[in-house]
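**Student:** just a sequence and a predicted model for now, questions to come.
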Amino acid sequence: MQNFDYMTPTRLIFGEGVISELPEVMSKYGKKVLLTYGGGSIKKLGLYDRVRELLADWEIYELSGIQPNPKYDPSVLDGVKICKENHIDVILAVGGGSVLDCSKAIAAGAKYDGDPWDLISYKVKAQAALPIVDIITLAATGSEYDCGGVISRTETNDKIGYMDPHLYPAVSFLDPTYTFTVSKKQTAAGCADAMNHIMEQYFCEDSTLQNDGFMEAGLKSLMVNAKKCLENPEDYTARAEMMLDCTYGCNAIYSLGNSYSGWPCHGMEHALSAYYDITHGEGLAIITPRWMKHILNERTVDRFVKYGVNVFGINADQDKFDIAEQTVDATYRFFESIGIPMHLRDVGIDESRIGEMAHHVAENEGLENAWVPLKEQDIANIFTASL
Ligand code: NZQ
Ligand code: ZN
């Protein structure tokens, strides 16, 4: 059991119709609001109109068009400019993880005099950030309950996970009915992302029985509920359970006291979506089984056995390496069964930039310190096996 120092200051307001509490919540943070959103899904949902109606007495500025894999230029830079020029009090992020992540970077940049990239690249530590309230519309990242945001910078092929305690949302609204319209592709990708968040915490040197049980239950719940959501997108209970499973995923509550794994699949996936702008959860689903195969050895096998037996119900009465192989296969088959393309070529990635991406990951993601250390050649091999 490792030492830890843990606090999540975010207030979660969960359930159908909770948006009616928005005015009461927003009244604590001031009258000048930057409303951030993506490419229009919130307008189709009717959520945009509802927010404008509820906040009719507020002075609202807008930043729209935030893309998946949110971009530093223009979105973060534009948002910071609006905040500074208009003395914004609070950011209201309405959308998926990309909108919220972008808003977090804006919140920090708005309180910093220099180039916001100094903060995102950890050259300078943030001293403050604007408060963020969010209405999350896609179950996946857990950004609504963590202090991270992932920002892409196209010209340098960087995709950086920027974490800082100032970036916890003050309040997150989670209404599962807003996720009814999420496409099958994004539902499946969200499930894969959240499952990988758990696996990144499960596959480590030192874990507790409590954490293992918590994580195994989380994985099982995600698999069951994602399938229900795909079959019936308006299944409230399934959408609600999946939403909460995802919310737990990224804020470390699953692994308090565990040793740190280094989050290797995320380190590798960030390069794929930085270079090719693919959907994060799909990239993770493709890499994960190949990474598992790559690191399976005498030192790691027992962890695979526990995961395979407890999550997939694999018969424990077999040779441990046989169980581990079946575990990797079951992981692959599950992702395939929810419709995820399981080869890099299926998402437009060929071998041409594997060397370059592996070098980028090795230089920037610190995976030599992962549970099973990965050098540049290991990363290239995992990418190649994923083709
Ligand atoms: O842009 P709009 O029109 O809103 O459409 C979005 C987007 O096209 C759409 N969408 C969102 N809610 C919807 C909806 N469509 C219909 N109905 C709804 N209710 O879905 C598409 C994808 O949205 P996006 O926000 O990109 O998805 P997600 O929430 O999966 O976020 C992915 C981003 O989060 C980062 C990823 O790297 C990626 O950039 N991550 C953030 C993390 C964090 N902050 O802790 C952790 C994760 O590991 C992850 O890296
Ligand atoms: Zn993720």
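**Tutor:** On my side now, so go ahead. Ligands and ions are numbered 1, 2, ... in the order given.
**Student:** CA atoms for contacts and neighbours, from now on please.
**Tutor:** Noted.
**Student:** near ligand 1, which residues of the stretch 251-387 of the chain?
**Tutor:** Applying CA under 6 Å from any ligand atom, we find that the stretch 251-387 of the chain lies next to ligand 1 at residue 280.
**Student:** pLDDT on the helix or strand residue 305 falls within, on average?
**Tutor:** Using DSSP states H and E, residue 305 falls within helix 301-312. Mean per-residue pLDDT for helix 301-312: 98.
**Student:** buried stuff in the helix or strand just after that helix?
**Tutor:** Going down the chain from helix 301-312, the next helix or strand is helix 320-337, by DSSP H and E. Within helix 320-337, the residues that count as buried by 16 or more other CA atoms under 10 Å are 320-321, 323-332, 334-335.
**Student:** ok so, going back, let's see the helix holding residue 305 as CSV, backbone CA atoms only.
**Tutor:** Extracted C-alpha coordinates of helix 301-312, given in CSV (Å, rounded to 0.1, in the frame of the first residue of the first chain):
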residue,chain,number,x,y,z
VAL,A,301,1.2,-13.2,-15.8
ASP,A,302,-0.5,-13.4,-12.4
ARG,A,303,-2.1,-10.0,-13.0
PHE,A,304,-3.6,-11.2,-16.3
VAL,A,305,-4.8,-14.3,-14.6
LYS,A,306,-6.7,-12.4,-11.9
TYR,A,307,-8.1,-10.0,-14.5
GLY,A,308,-9.2,-12.7,-16.8
VAL,A,309,-10.8,-14.9,-14.2
ASN,A,310,-12.6,-12.2,-12.3
VAL,A,311,-13.7,-10.0,-15.3
PHE,A,312,-14.3,-12.5,-18.1
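**Student:** switch to numbering from 22
**Tutor:** Shifting the count to begin at 22 puts that one at helix 322-333.
**Student:** for it, packing partners?
**Tutor:** helix 230-252, helix 341-358 (3 or more CA pairs under 8 Å, 6 or more residues apart in numbering; DSSP states H and E).
**Student:** could you rerun that using 6 Å?
**Tutor:** helix 341-358 (3 or more CA pairs under 6 Å, 6 or more residues apart in numbering; DSSP states H and E).
**Student:** residues contacting the helix it packs on, please?
**Tutor:** 310, 325, 326, 329 (CA atoms under 6 Å, 6 or more residues apart in numbering).
**Student:** quick one: contacts for residue 251?
**Tutor:** residue 205.
**Student:** what strand or helix carries residue 313?
**Tutor:** Assigned by DSSP H and E, residue 313 falls in helix 301-316.
**Student:** on contacts alone, who are the packing partners of that helix?
**Tutor:** Applying 3+ CA pairs under 6 Å, 6+ apart, one finds that helix 301-316 makes contact with helix 205-223.
**Student:** okay, the angle between the helix it packs on and helix 230-252?
**Tutor:** Calculated by axes from the mean of the first three to the mean of the last three CA atoms, to 10 degrees, helix 205-223 forms an angle of 170 degrees with helix 230-252.
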